[in-house]
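K.L.:
Kindly generate the corresponding structure for this input.
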Amino acid sequence: MHSKILPYSLLFILFLSFGCANTAKKDTKSTKKIEPKKDSLNLDTIKAKEAPEKFVLTEDNVLDFFFNYSKTLQESTVKITTNLGSFTIQLYDNVPYHKANFIYLTKKGYFNGTYFHRVVKNFIIQGGNSDNVSVIKKRKEIGRYLLPPDTRKGHKHHRGTISMPSSENDNPHKLASPYEFFIVVTKPGSYHLDKDYTPFGKVIQGMDVVDLINRQEVDAGDWPLQNIYILKAEVTK
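P.N.:
The predicted model follows:
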């Protein structure tokens with residue numbers, strides 16, 4: 001009788017042992033430390049955080065910036081190519097802010113793709129603006145600022161003079177709109193502008209192209225009936 005019971009007892013003990021062992025293994029797995037899954041890193045986000053903040057001109061920093069920028073300039077001439085031809089401008093050294101501004105915008109490629117958007121017969125041609133979204137975007141990236149007039153350096157609005165219009169905003173001090181410019185075509189000049197606007201250069205080559213632009217047909221608001229494109233502005237020397 002005992003000989004039959006013993007095998008069953010052994011089997012029962014072995015069964016319990018095997019079950020406990022499996023439970024122990026399962027418990028070991030269940031208590032294994034689970035490492036939190038690391039999210040995949042967004043490289044674009046990291047680069048954006050690491051990239052230096054883009055420099056933008058403002059009313060607060062513009063004078064200091066152009067004062068220092070003007071000291072680094074070796075160039076003083078700019079060639080402007082339009083769909084009607086090209087002309088070259090010599091910039092005055094003693095009007096540092098306006099000269100520096102014009103060269104800075106030229107090197108930034110701002111004027112490329114803008115228009116001569118205002119043509120007043122026998123008076124001026126005015127350029128540097130456009131109704132294209134790309135030009136608005138360029139202005140936003142470069143900054144929003146105005147320049148103070150600099151009218152006491154002895155320069156007059158002779159024929160061929162390049163000068164800077166004042167902002168159309170409430171502007172009793174005639175602060176200059178830095179993204180636009182005008183060129184006088186009047187013979188011998190338009191000297192009534194001397195006290196209010198800043199001459200900062202003159203056309204030294206291609207005045208015939210300036211005259212050609214001034215002869216284009218315009219509407220009642222002095223906007224040319226056919227767009228006059230500034231294809232490229234480049235600093236030459």
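
K.L.:
Reduced to three states, what does residue 210 come out as?
P.N.:
Assigned with DSSP: H, G, I helix; E, B strand; the rest coil, residue 210 falls in the helix class.

K.L.:
OK, contacts around it?
P.N.:
87, 125, 160, 183, 185, 203 (C-beta atoms under 8 Å, 6 or more residues apart in numbering). Any C-beta I mention is one placed from the backbone N, CA and C, and that applies to glycine too.

K.L.:
Ok, residue 96 next?
P.N.:
Residue 96 makes contact with 66-67, 70 under the criterion C-beta under 8 Å, 6+ apart.

K.L.:
Likewise for residue 216?
P.N.:
For residue 216, the contacting residues are 84, 119, 224-226, 228, taking C-beta under 8 Å, 6+ apart as the criterion.

K.L.:
which of the residues you listed lies closest to residue 105?
P.N.:
For residue 105, the closest of the contacts of residue 216 turns out to be residue 228, at 18.5 Å, with distances computed as C-beta to C-beta.

K.L.:
The closest one and residue 85 touch, don't they?
P.N.:
No: taking C-beta atoms under 8 Å as the definition, residue 228 is not a contact partner of residue 85, at 10.5 Å.

K.L.:
For those two, indicate the residue with more neighbours.
P.N.:
residue 228 (18 against 13; other C-beta atoms under 10 Å).

K.L.:
how near is the more buried one to residue 116?
P.N.:
Residue 228 sits 4 Å away from residue 116, taking C-beta to C-beta, to the nearest Å as the criterion.

K.L.:
what do the two both touch?
P.N.:
Taking C-beta under 8 Å, 6+ apart as the contact rule, the neighbours common to residue 228 and residue 116 are 82, 127, 213.

K.L.:
Output the lowest mean pLDDT helix or strand found in this structure.
P.N.:
Counting by mean pLDDT, DSSP states H and E, the weakest-scoring helix or strand in the chain turns out to be helix 2-30, with a mean of 47.

K.L.:
mind putting the contacts of residue 210 in a markdown table, distance to residue 143 included?
P.N.:
Shown next, in a markdown table, are these (distance: C-beta to C-beta, whole Å):
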| residue | distance to residue 143 |
| --- | --- |
| 87 | 28 |
| 125 | 26 |
| 160 | 30 |
| 183 | 25 |
| 185 | 31 |
| 203 | 28 |
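
K.L.:
and which of these is nearest to residue 102?
P.N.:
Distance to residue 102 across the contacts of residue 210 (C-beta to C-beta) is lowest for residue 183, with 12.4 Å.

K.L.:
circling back: in strands, which of the shared contacts of residue 228 and residue 116 appear?
P.N.:
82, 127 (DSSP state E).

K.L.:
Please indicate which of the shared contacts of residue 228 and residue 116 are buried?
P.N.:
Buried subset of the shared contacts of residue 228 and residue 116 (neighbour count, 16 or more other C-beta atoms under 10 Å): 82, 127, 213.

K.L.:
residue contacts, the first one?
P.N.:
Just to be clear, that refers to residue 82. Under the criterion of C-beta under 8 Å, 6+ apart, the contact partners of residue 82 comprise 116, 209, 213, 228-231.

K.L.:
swap in residue 156?
P.N.:
Counting by C-beta under 8 Å, 6+ apart, the residues that residue 156 touches are 189, 191, 194, 199.

K.L.:
same thing with residue 190?
P.N.:
Contact analysis of residue 190 by C-beta under 8 Å, 6+ apart lists 123-124, 157, 184.
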